[in-house]
Structures are given as C-alpha cells and as structure tokens.
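Engineer: Just need the structure, nothing else, for what follows:
(3 chains)
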Amino acid sequence: MRVSRRATLSLRTVAIGYLVVLLLVPLGLVFYRTFEHGFGYAWSWMTTPAAISALWLTLVIAAIAVPLNTIFGIICSYVLVRGRVRGRAILDSLIDLPFVVSPVIVGLALILVYGEGGWFGNWFISHGIPIIYAPAGMVIATVFVSLPFVVREVAPVLRAAGEEQEEAAATLGASSWQTFRRVTLPSIRWGVAYGVVLTSARALGEIGAVLVVSSNVAGSTLSLPLLVYQRDSQIGPAASSGAYAAAMELIVISLLVLVGMMLLGKRREEVR
Amino acid sequence: MAVGSYAEARAPARRRALARAPRGTLGLGISMIYLSVFVLIPLAAVVVKAVEQGPTAFFDSITNSVALTALGVTLGSSLVVAAIGAVMGTLVAWVLVRDRFPGQRLVNSLIDLPFALPTIVAAITLIALYGPNSPFGLSLAYTRAGVLLAFLFVTLPFVVRSVQPVLIDLDPEAEECAASLGASNITTFRRIVLPAIRPAIASGAALAFARAVGEFGAVVLLAGKVQIASIVIFADIESDAPQAAASLSVVLLAISLIVLVLLRLLGNRNAR
Amino acid sequence: MRIDVLDVGKRFGEFVALDDVSLEVAEGSLTALLGPSGSGKSTLLRIIAGLEAPDSGEIQLDGADVTPARPQDRGIGFVFQHYAPFNHMSVRENVAFGLRIRKRPKAEVKAKVDELLALVGLTAWSGQRPAQLSGGQRQRMALARALAVDPRVLLLDEPFGALDANVRAELRLWLRRLHDEQHVTTVLVTHDQEEAMEVSDTIAVMHEGNIEQVGSPQQVYDHPVNDFVMGFLGPAVRMEGELVRPHDLRLSLEPENGATEAVVTRVVHLGFEVRVEVELPDKTQARAQMTRAQARELELGPGDTVYVQAPHKEREKVKV
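Structural biologist: The predicted structure follows:
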C-alpha cells in the first residue's frame, strides 16, 4: 500500500505524539521532581534505613520468586509442548489466570487461605510460620502475579525448536537428562532468559497483591513499591520528595530491565 | 555392545515399559501442584468466601449502590480504554512497521516501558503530571479522565505488540494487487489489511480490557473518590469485610474468565 | 544385524498407521521402505528405532526382543529428514556427540571424528555451525554423526527428500558406496521409486499401513503382486482391464492376433523416447512408449489407426 508522504508524516506525528504525551512527558516530570532540590537531597531519601531495607526486601522477594517461576515455567512448557499425557489442555488454560486476575484479588485470596482463620492459616500460625503480614506472604503473592511469563515465552520457542534434535540425541545414546541438558536447554536458552527478564520486571514492581498481604512496616515488610505508596500517601512536600526518590530507584531498575528486554528480544528473534 | 545384553535386560525392561506412563505425567503433576498451591486454591477460597453465607448475601454484596457504581465505572472505563487502545495501538503498530524514521528502534523499545515500569511508578508519574501540582494546571487526579489515562498508560503495549508481528508477516503483494485493481488506500486498508489484522487487534484489545478491569497499582493514588472495583475491594479488605470483597472479586473473576475463553476461541480460529 | 518386525500395529487415534505388519531385514542388506505419504513407512522406521512404541507386535534385533528398549539402548544410527542438526554445536561437536555421551577417551573421540569428517568430506568445515552448511553438507554431517557410534543398524528417514536434484543423485551414489564398504544393515524410507530402485537391494512397498510386496527392485518392478505396486513403481496404463507398462505395449500398423484397434491422439517426442497417446475402442486413453527408431519406422501421426498388442502372460513366464 503506497501511502502519500503527507499521510505518512501525519500518521507518524500522531503516533509519536501519543507516545510522548503518554510516556515521555510524565517520566521526564518525575526526573525533574526527583532532582529539583538537587541530587544530594534525592540521594538522602534513597539512603534512609527504610529505603535501604525496602530495596533489599524487593530484591530478596524477586530472588526467590523468579527462580521458582523459572523452574516451574520450564517444566510446564515441556509438559505443554512435548507431553503426551491427558490434561495438558486444562493446564494450558489455567496458566494464563494470573494475567487476568486483579492483584487485589490475589491478596484477598492469600489472606483467605493463609491468614488468621483462613483455610491453612491457623496451622501455619500455630507452628510459628507467619505468612500474611510477613515477607513469606509477599513472596507467594509475587509468585502468583509473575507465574505465566516464563511459560508463555519458552513454550513457543520449544515448539519452534521441534522434537527432532531431541530424538537424534536419544538415538545417539543420550539419556533423557543428558538430552535435556545438552540439547533442549541450549535451544531454549534465549526464550528462558527473556521470560526471566519479564518475570523480574513484574516481581520487582508488584504493588497491589503485595500491599494487601504486607503489614507495611518499614524494615520488615515494606518493599520498594510499597515505600513509594506509603510516602506518597503522607501529606507534605518532604514526603512527596521521598516518594519521587524511591520511584526513581524503581525507574532505574526498570530501565535496566528494558535494556535487557531489547538485547534479549533481538537474540530471541534470531533464534526463531 | 554385546548382543546378549538385550536378552538379559529384556525381562525388567518389559516390566518398566508396562509401568511407564505417557510422557509428561510427572511434569504435569508437579505443574498442577504448583499451580494449585499458588493460584487455584487461593482463588477457590475467594469463591467459597463469597457464597458461603448463601446466595442472598452474595447478591446483596454485588447489588448495593457502591458495588454497582464501581462495576459500572470499571467496565465502562475498561471498554473505552480497549476501544482507544485498539485504534491508537493499531496506528502506532502501523507506523512502527511501515514507516521509516530516525530513532525508530528507540520508539519501538519505548512501547515496552509500561510493562517494565512498576505500576506504582506509573501512578506517581501521572500524579506528577495531572495531580494537584500539575505544571499544566490540569487536575485530572481523582476524576474519571485520570483513571482512563492511567489505564491507557498500563495497557499501551497490548494492542501494539499483538498487531505488530501480524503486520510484519502481511504479504505486501495483496495490497499491491488491490491497488493495481484500482482500490484507494482507504479501501485497501479496510478490505485487505484490516481483515488480516482484526483478530490480532481483538485479542490485544481483550487483553487490555482484562488488565484494565483488574488494575490497581496505577490508579491507587489517582482514583480518590472515583470508585474503581479493585479500589473498592481493597477498601473492603482494609475495613475487614472479606465477604463483600470476595463477592465483588467473584464478579471480576467471572469477567476475566470470559475474556480468557474468548481469547482462546480467537486463538484457535487464528491457528486454523 | 538382522531386523525382524513381527505383527507390528500402530494407531494414531482413529487412523491406522500400521496394520499388523511383518518384515524381515537381512543382515548387511540395504532395504528401502517405499510408499506414498501416509502409508506408514516412517512410522515403521521410527518404531524400529524406538522413537515410537508399537500398540502391538514385536521388534527383534538379531532375534532378541527390543520392543520395550529405549532408542538410546538399541545401538542404532538414525538420520532425520531435516537432518536434526544440533544448532548450538559446531560440526565437530555434532559428530562427536554420541562418543562424548559414551565418555570415550578424548584421543579416541578425536581420531574417530577426524576419520568420519574426512569420509564425508567436511574436514574443512569442522569448526562451523550447521547453519553455515548447505543442505547436502548438513545431511552428510548427520550421517557422520549417526555412524560415529558404530551403529549395528542405520535407519534413514527420507534422507534426501529436502535436497536439490543434483545433490540428491550424488548423495545416493555416495550412500550406496558407503554401504558397500561398511556393510551396516540399512533401512531407508523414501517415497521416490527411482531412489529406492537405484540405492537398495530389497524394496518393501507400503500402502495404507500394509506391506504390499517385498523383493528385489527388479522383482517388484517386473512382477508386481497387485495394481497398487504396479502403479507406484512406474508408469502404467490399463489395457483390457489389466495394468501394463507403457514400454511393454507394442504398436503395429497391421492387425495382429489379440491386438486391439486404437486411434492415435498425440505423439510426444521426449528426447530418446517417444510417447504415443492412443484412444481405445472403449474410449479410454492409453499410452505406449518406444524408442526413436521404432517411432520413425511407424511414422505415426494424430488420427492414424494402430493395433496395440499387450504383453502376453505366457511370455512373461518365459522371461522369468
């Protein structure tokens, strides 16, 4: 379809204008608000004990949830693509649930199961394992919301790679484990890496589900997104500066994630 | 390898073969247990909580004025967001695929920003821009327009990323053929391009709709008195009214499930 | 190594891929499983390899039942239609894979791989990735990889199907020579009757999950047991309700005993051969093949009347 120069230019302007208004102007403003009182002032908000422990907690939660979902994602993709067992279709439909369930509902659901008076809550509490209003609950909530990413990235790559290489390895004498480690895993590694990046992005930034199951106490259950929320909810320009500073930390982490997505996205396309 | 080893290995090998389950049985078991612990059992708890006091309590919880308003506003805004997203997302995808301009790759990776950015950062960004201290004197915060904007921000990538690959794969020969037969650009787009990308637009818009219905993080700071379903559920949890929260959640879950089923049907039709 | 297929059955849902098939593959032979797509030939090969499990029946290697054995325990070499290269490994690593799995000493692996790379003419490419090779080279790499583990049986699934005509012809000759040197029992799946006749010493013709006939290329071509085998192994025309080869039809200008009168509709010159298309009295079409010299003698043109003589059964018996 040959579009005239004028039409092309106006379409381009509308598209870029939309993106600028929706994405760039707001982000630029956050940069401005964060550093308007100088870098040192923003830095002091980033290095309060609450902020440092929030960053740590965020990283720790991600460090638990991401590997769990990665291992699950690889096993699950293998079952969906290579399995011959009945029940795959059910698994396939259920996997996407976390994508469409509101994060608040996730929090509510966890309270109803693991909270006081919940299905298993009393058992955990009586055994001295607090889950709700404790970091454990935040980890479970994070696992829930970031669960499908690795599966949805790896399954198509695994399907595209085909089964022949694995069959060839088997006829050459490789055991199932050797085949998986030497043939299957290398052929899906970029898909796995991309899935890990997406999972990490969601895990580091989750607020809704985590907010419900956290006690919001600085130093124990306050993650970085929660810190932003808490500081912003307080009144006064000082608190708002603190919120911007914490948000800036998240933005930096996200930009790193975005760069990772760009780089891996290219590798992934090459493999496909 | 000695020939005799087969005869020797035969008897136990046969027993093993009889016991051997279809491939993926163990993986399916692991996946289902993982999914149950983190997703299915908690969601079941929500459903049980909603109906355990009988159908009357459930219907009362979802038909009082607060719940009805919240559902109406949420569904209405989500529909508007899906519609705007479908049009603008298609336009952006078109410009990214068919247009060539400097900085295009950067713009392309910007699209993923809302996926990479924690929703609370989106919220604080939009507050900075349209909140009480807006540099443009716009105060959209605590209005429906502000909520709409937040939804548009977080759902931007869905339609773009779903339409883009289809546009790339679209054979330009069909468009050239239509043009050679005398079709105008608008006719060519409507009769040739649109039918090809319509399923992709529909599935992108459906995902955007589902995301908007459940969105919490991006609107938690902005919504104020605008009663969004997820905010109402959060308020119910905070005020220790789990039955009311669960009832509203079940309605949202039902909507999500319908979207999931529609997406699946759409996907099956595309595969054919 | 001898292969015995005993009453092997396999279904995929409602589709019967193999209908209780039996086959004996002699030690050191090169057997072709020949048939159209969907005839079950690839399924049978995959069952011999252990890549599929049969629903019923037994596979024996040298008289030992290996039906429950996994592919890695069968001592086979398998070459896939699309080569199945390990894309993340170099050519050398691909060929060495089976030996590495068996944890052979490094020096032995190197010697064996060098020998095989030389055999398939890929020494200069040993450090490249499969993606950098041509189709024919990839196929030779796949063969070297399968041969590296000294398989007792070599199984080839449409090995030349995805290659250009010239490369295909070259690789066929090469495979035949390789087999004559190494004498590994080889089973080859193909849908190309010319390939089967050129390469193999035994052909098993498959159709709709059954083996229709097993024999030497000459036997199945000249003495097909039924119409399907007749039609699948070469051109055939129907004369007096029976299928015959066009080159076995004899045309003459004079009426002869037992000959059928026909009208020439078209004469096609195809280089060294001439194809004469005729219409029989029952309005059916038939065609005869002859050499240029024969055609010149008859001087046929459209509209001419000729007498078509089908080969006599008695004569066939004499020829055997």
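Engineer: Which stretches in the stretch 151-272 of chain B count as helices?
Structural biologist: Here the stretch 151-272 of chain B has its helices, by DSSP state H, counting those that start in this stretch, at B:172-180, B:185-188, B:194-214, B:229-238, B:242-271.
Engineer: and the angle for the first one with helix B:194-214?
Structural biologist: Think helix B:172-180. 120 degrees (axes from the mean of the first three to the mean of the last three CA atoms, to 10 degrees).
Engineer: May I see the buried residues of helix B:172-180?
Structural biologist: Residues B:175, B:178-179 are the ones in helix B:172-180 that count as buried (16 or more other CB atoms under 10 Å in any protein chain shown). The C-beta positions use only the backbone N, C-alpha and C, and glycine is treated the same way.
Engineer: returning to what we had before: out of the helices of the stretch 151-272 of chain B, nearest to chain A?
Structural biologist: Among those, helix B:194-214 comes nearest to chain A, with 2.9 Å by CB to the nearest CB.
Engineer: quick one: the closest one to helix B:229-238, angle?
Structural biologist: Counting by the same axes, to 10 degrees, helix B:194-214 points 20 degrees away from the direction of helix B:229-238.
Engineer: and B:Arg16, what pLDDT?
Structural biologist: On pLDDT, B:Arg16 comes in at 46.
Engineer: can you check B:Met1 too?
Structural biologist: 38.
Engineer: Just give me the closest of the buried residues of helix B:172-180 to chain C.
Structural biologist: B:Glu175 (31.9 Å).
Engineer: the helices in chain C, which residues?
Structural biologist: C:41-49, C:91-101, C:106-119, C:135-147, C:165-182, C:193-199, C:217-222, C:227-233, C:292-298, C:313-319 (DSSP state H).
Engineer: Where among those is average confidence lowest?
Structural biologist: Across those, helix C:313-319 has the smallest mean pLDDT, namely a mean of 42.
Engineer: need the residues of chain C near chain B, please.
Structural biologist: By CB under 8 Å from any CB of the partner chain, the residues of chain C that approach chain B are C:53, C:61-62, C:64-69, C:73, C:75, C:152.
Engineer: one more time with 7 Å, if that's ok
Structural biologist: C:61-62, C:64-66, C:68-69, C:75 (CB under 7 Å from any CB of the partner chain).
Engineer: which of those sit farthest apart?
Structural biologist: For those, the farthest-apart pair by CB to CB is C:Asp62 and C:Pro68; their separation is 16.4 Å.
Engineer: Tell me which of these two has more neighbours.
Structural biologist: C:Pro68 (21 against 17; other CB atoms under 10 Å in any protein chain shown).
Engineer: can you redo the helices of the stretch 151-272 of chain B as a markdown table with distance to chain C and mean pLDDT?
Structural biologist: Listed next are those as a markdown table, based on distance: least, CB to the nearest CB, whole Å; pLDDT from 0 to 100:
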| stretch | distance to chain C | mean pLDDT |
| --- | --- | --- |
| helix B:172-180 | 26 | 79 |
| helix B:185-188 | 37 | 82 |
| helix B:194-214 | 28 | 91 |
| helix B:229-238 | 45 | 91 |
| helix B:242-271 | 19 | 84 |
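Engineer: need those in a markdown table with distance to A:Ile132, can you?
Structural biologist: Shown next, in a markdown table, are those (distance: least, CB to CB, whole Å):
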| stretch | distance to A:Ile132 |
| --- | --- |
| helix B:172-180 | 56 |
| helix B:185-188 | 57 |
| helix B:194-214 | 21 |
| helix B:229-238 | 11 |
| helix B:242-271 | 12 |
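Engineer: so C:Val5 makes contact with C:Ser22?
Structural biologist: Yes - taking contacts as CB atoms under 7 Å, C:Val5 lies within contact range of C:Ser22: 5.7 Å.
Engineer: more crowded one of those two?
Structural biologist: C:Val5 (22 against 13).
Engineer: which residues does that one bridge with?
Structural biologist: For C:Val5, the beta-bridge partners are C:Leu23, C:Ile59 (DSSP bridges).
Engineer: Just the pLDDT for it.
Structural biologist: pLDDT for C:Val5: 96.
Engineer: List the residues that contact it.
Structural biologist: Contact analysis of C:Val5 by CB atoms under 7 Å, 6 or more residues apart in numbering or on different chains lists C:21-23, C:44, C:48, C:59.
Engineer: Can I get the helices of the stretch 151-272 of chain B in CSV including distance to chain A?
Structural biologist: Listed next are the helices of the stretch 151-272 of chain B as CSV, based on distance: least, CB to the nearest CB, whole Å:
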stretch, distance to chain A
helix B:172-180, 4
helix B:185-188, 5
helix B:194-214, 3
helix B:229-238, 5
helix B:242-271, 4
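Engineer: what pairs with the closest residue to C:Val268 other than its chain neighbours across the strands?
Structural biologist: In this structure, C:Val268 finds its nearest non-sequential neighbour in C:Arg275, 4.4 Å apart by CB to CB, 6 or more residues apart in numbering or on different chains. For C:Arg275, the beta-bridge assignment (DSSP bridges) gives partners C:Val268, C:Gln289.
Engineer: State the number of residues packed around C:Arg275.
Structural biologist: 17.
Engineer: check contacts around the one residue sitting closest to the centre of chain B.
Structural biologist: In chain B, the centroid-proximal residue (CA atoms, centre = their mean) is B:Leu207; its distance is 3.0 Å. Counting by CB under 7 Å, 6+ apart, B:Leu207 touches B:Phe158.
Engineer: And B:Leu68, by the same measure?
Structural biologist: No contacts exist for B:Leu68 under CB under 7 Å, 6+ apart.
Engineer: What's the separation between C:Val8 and C:Arg70?
Structural biologist: 17 Å (CB to CB, to the nearest Å).
Engineer: who has more neighbours, these two?
Structural biologist: Neighbour count, other CB under 10 Å: between C:Val8 and C:Arg70, C:Val8 has more, with 24 against 19.
Engineer: how near is the residue nearest to that one when sequence neighbours are not counted to C:Asp19?
Structural biologist: Spatially, and ignoring its direct neighbours in sequence, C:Val8 is nearest to C:Gly57 (3.5 Å; CB to CB, 6+ apart). Relative to C:Asp19, C:Gly57 is positioned 11 Å away (CB to CB).
Engineer: Common neighbours of those two, please.
Structural biologist: Counting by CB under 7 Å, 6+ apart, the shared contacts of C:Gly57 and C:Asp19 are C:Gly9.
Engineer: Give me the distance between C:Val267 and chain A.
Structural biologist: Plainly put, C:Val267 is 48 Å away from chain A if you go by CB to the nearest CB, to the nearest Å.
Engineer: what's near enough to touch that residue?
Structural biologist: C:274, C:276, C:300-302.
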